[in-house]
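Colleague: The following comprises the amino acid sequence and a computationally predicted model.
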Amino acid sequence: MTKKHDIFITEVALRDGSHAISHQFTVEQVLKVTKALDEAKVPYIEVSHGDGLAGSSLQYGLSLTNEFDLIEAAVSACEYSKISALLLPGIGTLQELKQAARLGIKMARIATHVTEADVSAQHISLSKELGLETVGFLMMSHMAPVEKLVEQAKLMESYGADIVYVVDSAGALLPFEVRERISALRQNLSVEIGFHGHNNLSLAMANTLVAIEEGATRIDGSIRCLGAGAGNTQTEVLVAVLERLGIQTGINVYKMMDLAEEVVAHILQKPQEIDRDSLVLGYAGVYSSFILHAQKAANHFGIDSRDILIKLGELKVVGGQEDMIVDIAAGISEKKLLSK
Ligand SMILES: C[C@H](O)CC(=O)C(=O)O
Ligand SMILES: [Mn+2]
């Protein structure tokens, strides 16, 4: 690990963490957390529904609070930090992107499944026209071979993305797989590379450090692991580890520890740990945000949520196919009844 990297961290708890609390953030929570993150000098803070702008729906989960109110509150609380919003083309549209820009976001992250970068062209180019720093966010990166990932990342770069992220949505990548992916992107792209991990296999920190070693300069974390599944790379821990490594993030680690302990811990519905369901996400390569949907369906049909998650992994179900979760649960339940 060399000291030459200057890492820019994006705190994603107020977006990825939305999945973990069924999209129930309040304006008061967002104000309190963004103000403290701003004081800790976190460069970027992402705020939106867990599934990005316009995610609030029966398919993905209804938000308690309109995300534009949350974005507006976050922007008003920040003097230093820049607010980012996530958008998945097809869920969010150009209209929501314009609305978020009007409210003062400074970065837009356009997310697609790892093999579907071509659907991001319009959104990336509008984001650039709006003067936003623009990220291409390749989700479920474990599902594509390295060559495919490079091809898709190059598409995002060609549309104008300033940064392209390897997104380990399932927390399924092993450190050597992160190494080969980041290294291949570094060799083939001119733009900055980012990494977004999930901790389902307890590898988020290790994978993040490998990504940094290979040249990633944009890193996501969620404070107190407030993210989907077992959460993301834990931001306050990452800041401390990077400080020990002599890598500057500009973030005040004490302030992050206080925020994690005194505020974010109380937002969590239960402490973030790797339980059997989140472990299965990483083990079977399943989209982390499916976990609560699968648990709900398991309760409804009286079956084991792990069976649903394993099946989702076998069928290679991807983000956007949340309705499949109930179908799969109904199928498992029917089979169970017939076998009695
Ligand atoms: C919409 C997803 O939650 C985006 C993300 O954070 C991931 O794929 O991981
Ligand atoms: Mn995520």
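Modeller: Sure thing, it's come through. Remember, it's a predicted structure, so these values are computed and weren't measured experimentally. Numbering: from 1, shown residues only. Ligands and ions are numbered 1, 2, ... in the order given.

Colleague: Checking Val166 next. Helix, strand or coil?
Modeller: Judged by DSSP: H, G, I helix; E, B strand; the rest coil, the three-state class of Val166 is strand.

Colleague: Enumerate every residue touching it.
Modeller: 138, 141, 149, 178, 181-182, 185, 193-196, 211, 216 (CB atoms under 8 Å, 6 or more residues apart in numbering). Glycine gets a C-beta too; all of them are placed from N, C-alpha and C.

Colleague: Narrow those to those that are buried.
Modeller: Buried by 16 or more other CB atoms under 10 Å: 138, 141, 149, 178, 181-182, 185, 193-196, 211, 216, out of the contacts of Val166.

Colleague: With only the CA atoms kept, save stretch 21-38 in PDB.
Modeller: The C-alpha coordinates for stretch 21-38 follow below in PDB (Å, rounded to 0.1, in the frame of the first residue of the first chain):
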ATOM      1  CA  ILE A  21     -35.000   0.600   7.500                       C
ATOM      2  CA  SER A  22     -37.600   0.000   4.800                       C
ATOM      3  CA  HIS A  23     -37.200   3.500   3.400                       C
ATOM      4  CA  GLN A  24     -38.400   5.200   6.700                       C
ATOM      5  CA  PHE A  25     -36.000   8.100   7.000                       C
ATOM      6  CA  THR A  26     -37.400  11.300   8.400                       C
ATOM      7  CA  VAL A  27     -36.300  14.900   7.600                       C
ATOM      8  CA  GLU A  28     -35.100  15.200  11.200                       C
ATOM      9  CA  GLN A  29     -32.800  12.200  10.900                       C
ATOM     10  CA  VAL A  30     -31.400  13.300   7.600                       C
ATOM     11  CA  LEU A  31     -30.800  16.800   8.900                       C
ATOM     12  CA  LYS A  32     -29.000  15.500  12.000                       C
ATOM     13  CA  VAL A  33     -26.900  13.000  10.100                       C
ATOM     14  CA  THR A  34     -25.900  15.300   7.200                       C
ATOM     15  CA  LYS A  35     -25.000  18.100   9.600                       C
ATOM     16  CA  ALA A  36     -22.700  15.800  11.500                       C
ATOM     17  CA  LEU A  37     -21.200  14.300   8.400                       C
ATOM     18  CA  ASP A  38     -20.600  17.800   7.100                       C
END
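
Colleague: Run the chain-centre distance for it.
Modeller: A distance of 16 Å separates the centroid of the chain from that of stretch 21-38, by CA atoms, centre = their mean, to the nearest Å.

Colleague: And stretch 232-252, by the same measure?
Modeller: Remark: stretch 232-252 is offset 18 Å from the chain centroid, using CA atoms, centre = their mean.

Colleague: Excluding chain neighbours, what is closest to Ile310?
Modeller: Ala284 (5.2 Å; CB to CB, 6 or more residues apart in numbering).

Colleague: The closest residue to ligand 1 within the stretch 51-200 of the chain - how many residues pack around it?
Modeller: In the stretch 51-200 of the chain, the residue that lies nearest ligand 1 is Ser169 (3.2 Å; CB to the nearest ligand atom). As a burial measure, Ser169 scores 31 neighbours (other CB atoms under 10 Å).

Colleague: Same question for Ala265.
Modeller: For Ala265, the number of neighbouring residues by other CB under 10 Å comes to 14.

Colleague: Touching, it and Cys225? I think so.
Modeller: No: between Ala265 and Cys225 there is no contact under CB atoms under 8 Å: 10.3 Å.

Colleague: So which elements touch the one helix or strand Lys35 maps to?
Modeller: Assessed by DSSP states H and E, Lys35 sits inside helix 27-39. On a contact count with 3 or more CB pairs under 8 Å, 6 or more residues apart in numbering; DSSP states H and E, helix 27-39 meets strand 44-46, helix 67-77, helix 253-259.
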